[in-house]
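J.: The following comprises the amino acid sequence and a computationally predicted model.
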Amino acid sequence: MTATIEQEKTSKKIPLIIAAVVLVIALAGAGGWWYFQQQAKSMVMAVDVEPEVPVAARVKKPVFLELKKFVVSVPGDDRLHYLMMEMSVMSYNQDELDKLQDFLPVIRNAVVTLLSEQHYNDFAQPGVMKPLQIALRDKLRRVMNDMASSNGIDQVLITKMVIQ
């Protein structure tokens, strides 16, 4: 009789032991999943924090060519206005800026032509700098492509601009 009682006690403990083992495995799995999710989130946040740098900037240091004092008359509604501007051309290739230096009179002419075609009210609008820089860059790229089959101008930066 004692053997039967012992057997009944053990048979009642087996499902409890199995349930406890399954519970421990499930908790360990859930804990591992949570830990790895936290690690993945921190990796994504670390990647998002790094600023995106152009490929050329990782390889080479940018070089600049300063273009001084462009004075242009700009038509207005009631009178003529004057625009004084200075800018720098940025490239990641010194040879491209050397080519640009060789064609400086053509470059200055392209800038003066583009600026004199603008209206005074265009310069009075907020946020005019970025579109103007892009227009200047595109114009200089076209001129350099026509003159020397060169496309090495990466940015045009307006460093001074006064209009009256």
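T.: Perfect, thanks for sending it.
J.: can you count the residues close to Val143?
T.: 21 (other C-beta atoms under 10 Å). Where you see a C-beta, it was placed from the backbone N, CA and C, and this is true even at glycine.
J.: now the strands for the chain?
T.: For the chain, the strands defined by DSSP state E occupy 63-75, 80-91, 155-163.
J.: Out of those, which is closest to Lys41?
T.: strand 155-163 (35.3 Å; C-beta to C-beta).
J.: Show residues contacting the closest one.
T.: 64, 66, 74, 81-90, 120, 123, 129, 132-134, 136-137, 140 (C-beta atoms under 8 Å, 6 or more residues apart in numbering).
J.: buried subset of these?
T.: Among the contacts of strand 155-163, those scoring as buried are 74, 81, 83, 85, 87, 89-90, 120, 123, 132, 136-137, 140 (criterion: 16 or more other C-beta atoms under 10 Å).
J.: What segments of the chain are helices?
T.: Remark: helices assigned in the chain by DSSP state H are 2-49, 55-59, 94-102, 104-116, 120-124, 129-148.
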